[in-house]
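[1] 3D, please:
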Amino acid sequence: MEAMRTLKRQLSDVVYGRLIDDRNDGRWQAREGSRGRLCNPA
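    The predicted structure follows:
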């Protein structure tokens, strides 16, 4: 039982770490218009 908890925690840490790395990668930043505000598609 304890081994399963450890495995789950390690997997969770890996997934969270990758999520944070992807977020800091720059691909997930919002694009801004020429006036410095977010572009509205409508």
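[2] Quick one: low-confidence residue ranges for the protein.
    In the predicted model, the chain carries pLDDT under 70 at residues 26-42.
[3] mind running it again at 90?
    In the predicted model, the chain carries pLDDT under 90 at residues 1, 18-42.
[4] What ranges does it have for its helices?
    Secondary structure of the chain (DSSP state H): helices located at 2-23.
[5] Now Asn24: phi and psi?
    phi -80, psi 0 (degrees, to the nearest 10).
[6] So it versus Gly17, what's the distance?
    11 Å (Cβ to Cβ, to the nearest Å). In this view, the C-beta of every residue, glycine as well, is placed from N, C-alpha and C.
[7] now Met4
    Met4 is 20 Å from Gly17, by Cβ to Cβ.
[8] Over to Thr6?
    Taking Cβ to Cβ, one finds Thr6 at 16 Å from Gly17.
[9] and if you look at Arg23?
    In terms of Cβ to Cβ, Arg23 sits 11 Å off from Gly17.
[10] what's the answer for Leu11, then?
    Distance of Leu11 to Gly17, given as Cβ to Cβ: 11 Å.
[11] ok, now Glu2?
    Following Cβ to Cβ, the distance that separates Glu2 from Gly17 is 23 Å.
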